[in-house]
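Novice: Structure for the following, please:
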Amino acid sequence: MNSISVAFKDLQIMIKDRGTLFQLFVLPLLFILVFSGALSAIGESEVISLSVLAVVDMDGGSAAQSLIQKLASDGSLTVQSTSASEAQSLLDENKVIGFLTIPGEFTENLHIRSPVKLIFKTGSESSSQKVESARLVIESIAADMTLESQITASLQQMGEMQANAPQEYQVFDTERVLAQAHSQFEMAQSRPLIEVQQAVPQQNPEQVSTVDLSQSAVPGFTVLFVFMAAQTTARSIFEEKKYGTFRRLVAAPLNKTELMIGKILPNFFTALVQILVIFAFGSIGMRLLGLTPMPIEKSPLGVILVAIVLALCSSAFGIAIAGIARTENQIGGLSTLLLWGMGLLGGSLIPLFILDRFLGPIPMIVPHYWANRAFDDMLIRGLGVTNIALDLAVLLTFSLLFFVIGLWRFDFER
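Specialist: Purely as a prediction, here's the structure:
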C-alpha cells in the first residue's frame, strides 16, 4: 500500500504536466503518420529493385542481342545492360536481383552448335522467390533458342542434301526453307498455339492481409516512446531530491524496496497506456485515415506479453538513469543521447531488415532491437508466441540489469 501511495502521487503530478502528456501520447502518433509515408516509399523501391536483371554482354553478336531482346520482351524482368564491374556493384548494393553473363563467342559457338554456358549470379540478400522466377525465365528463353538453333541446323542439312538431287526434285532451296522456319519461330513467340492460364481461387476480402512496410512505424515508435517514459521517471526522482520531498519519503515508514517500486509503478502503468493508445491508433485510426492498419488481431496474447515486459524494461531503465545522473542537465543530456541513440540503433527509426543488412549483429546490444523484433515477428511476419520467447527473455535480462545498476548507483541519502 505504501508503494501504491507513492505511485499515485507521481501519477497525479504527471497528469497535470501537459508537456509530458503531449510527448508520451500525442507525439508518437504524429511521428507514425509522417514516417508511414516514408517507409512505404522505401518498401516500393525495395520491390522494384528486386525485379531488375543486369546483363553483361561479353559477346556482342546477333545471338547475344537476340537473347537480351527476348529477356526484355518477356515482361517478367527489367533488363539492364551493364559492364561486369558495374553489375557486381549493383548486386552488392542489392539494386538488382542478379546479373547474367553472356560469354564471348556466344554467337559463334551457337552457330556451329558448340555447347555454351550462361552464368547467372545472385546475391545472398536476393529474394529466393524472385531468383527462382528469373532463373525459369532465363532457362525457358535459352531452351527456345537451343531448339530454334537445332531445327534450323537440321533444315540447313536437309537443304544441302537436297542440293545434290536432280533439278526437278528441288522444290525449295535452302534460303527459302530457313526464311520460312524463322518466320514460324517469330509467329510462335507472338501467337503461341498453346497458352497456359492460371486460375486463382477467390478469397474473402476480410481474410486477405494487407501488410506493408509502413506498418513497422507503429511498433517502432511504440518502443521508442515507451522508453522515453524512463526519462520522466528519472526527472521525477531528481525533482523529489531537489525540493527535499525525497528525504521525507526515505524517512517515511517504508523500506527502500517499497520506495523504488513506488517510483517504478507510474512509469510501468504509463507505458502500458502508451502502448494501448498507439496500437489502437495503428489499428483503428490508420484505417479511418485510409492507411494500412496494424493487424493486432494476429497475436493479441503475444502483444500483451511484449507490452508488459517492455513496460517493465522501460521502468527499470528509468531507475538506472536516475542512479547514474547527478544533475538535471545530466538527466536531460544522458536520456536524450541514450534513448534516441538506442532507438536509432534498435530499429525504431529504421526498419530492422535494413539494419541487419548493414550493421549485422551490432543492434542486438540494445533492448529496443529485441522489442522491435518481437513486434515485427508477430504483427508483420505472423509468427506465434513461441517464436518470441528469446526476445522476451532478453528483455527481462535487460530489465534486471538496469534495475541492478540503478540500485547500485542510487543515492538514497540526498
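Novice: CA only for contacts and neighbour counts going forward, please
Specialist: Noted.
Novice: Distance check, A63 against E108.
Specialist: Relative to E108, A63 is positioned 8 Å away (C-alpha to C-alpha, to the nearest Å).
Novice: no wait, F402
Specialist: Remark: distance between F402 and E108 (C-alpha to C-alpha) = 70 Å.
Novice: So which of these two has more stuff around it?
Specialist: Remark: of F402 and E108, F402 carries more neighbours, 22 against 15, as counted by other C-alpha atoms under 10 Å.
Novice: name the element that one belongs to?
Specialist: Assigned by DSSP states H and E, F402 belongs to helix 389-409.
Novice: cool, and K121?
Specialist: In this assignment (DSSP H and E), K121 forms part of strand 119-122.
Novice: Can you pull out the residues in contact with that strand?
Specialist: In this structure, residues lying in contact with strand 119-122 by C-alpha atoms under 8 Å, 6 or more residues apart in numbering are L91, I97, G98, F99, L100, T101, I102, V131, R135.
Novice: And for stretch 99-111?
Specialist: 53-64, 84, 87-88, 91, 115-122, 149.
Novice: now those: which count as buried?
Specialist: 53-57, 59, 63-64, 84, 87-88, 91, 120, 122, 149 (16 or more other C-alpha atoms under 10 Å).
Novice: picking that back up, buried set for the helix holding F402?
Specialist: 391-392, 394-396, 398-400, 402-407.
Novice: Looking at the residues you listed, spot the one nearest G360.
Specialist: The closest of the buried residues of helix 389-409 to G360 turns out to be D391 (C-alpha to C-alpha; 17.0 Å).
Novice: The closest one touches N372, doesn't it?
Specialist: No - contact criterion C-alpha atoms under 8 Å: D391 and N372 do not qualify, at 9.1 Å.
Novice: Confidence-wise, which helix or strand of the protein is lowest on average?
Specialist: Taking mean pLDDT, DSSP states H and E as the measure, the chain has helix 174-190 as its least confident helix or strand, at a mean of 54.
Novice: right, and the helix or strand after the host helix or strand of A87?
Specialist: If you go by DSSP H and E, A87 is part of helix 84-92. Tracing the chain past helix 84-92, the next element assigned as helix or strand by DSSP H and E is strand 98-102.
Novice: tell me the contacts of G343?
Specialist: Counted by C-alpha under 8 Å, 6+ apart, G343 has contacts V223, L224, L349, H368.
Novice: tell me the contacts of the second one?
Specialist: Pointing back at L224 there. L224 makes contact with L339, W340, G343, S348, H368, according to C-alpha under 8 Å, 6+ apart.
Novice: Check what pLDDT the third one gets.
Specialist: What it means is G343. For G343, the model assigns a pLDDT of 90.
Novice: what does the second one give?
Specialist: In this model, W340 is scored at 87, pLDDT.
Novice: Quickly note the distance from it to H368.
Specialist: Remark: distance between W340 and H368 (C-alpha to C-alpha) = 10 Å.
Novice: Looking at those two, which one has more neighbours?
Specialist: H368 (28 against 17).
Novice: Quickly find the element holding the most centrally placed residue in the chain.
Specialist: A centroid search over the chain (C-alpha atoms, centre = their mean) returns F353, at 4.0 Å, as the residue closest to the centre. Assessed by DSSP H and E, F353 sits inside helix 352-359.
Novice: If you average the pLDDT over the following helix or strand past that helix, what comes out?
Specialist: Of the helices and strands lying after helix 352-359 in sequence (DSSP H and E), the nearest is helix 367-375. Mean pLDDT, computed over helix 367-375, is 95.
Novice: what's helix 367-375 in contact with?
Specialist: Outside helix 367-375, the residues within contact range by C-alpha under 8 Å, 6+ apart are 219-220, 223-224, 303, 306, 310, 342-343, 345-348, 352, 363-364, 388, 391-392, 394-395, 398.
Novice: Domain boundaries for the protein, per the record?
Specialist: According to automatic domain parsing, the chain comprises the domains 2-43+212-409, 51-161.
Novice: Can you say which of the ones you listed is packed in most?
Specialist: Scoring those by mean neighbour count under mean count of other C-alpha atoms under 10 Å gives domain 2-43+212-409 as the most buried, with a mean of 19.
Novice: where in the stretch 51-200 of the chain is pLDDT low?
Specialist: The model of the stretch 51-200 of the chain has pLDDT under 70 over residues 125, 147-200.
Novice: 50 - rerun?
Specialist: Applying pLDDT under 50 to the stretch 51-200 of the chain flags residues 169, 171, 188, 191-200.
Novice: Show me what the helix holding A87 is packed up against.
Specialist: Counting contacts by 3 or more C-alpha pairs under 8 Å, 6 or more residues apart in numbering; DSSP states H and E, helix 84-92 is packed against strand 52-57, strand 98-102.
Novice: Kindly reformat those as CSV containing distance to L288.
Specialist: Output for these, formatted as CSV (distance: least, C-alpha to C-alpha, whole Å):
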stretch, distance to L288
strand 52-57, 36
strand 98-102, 40
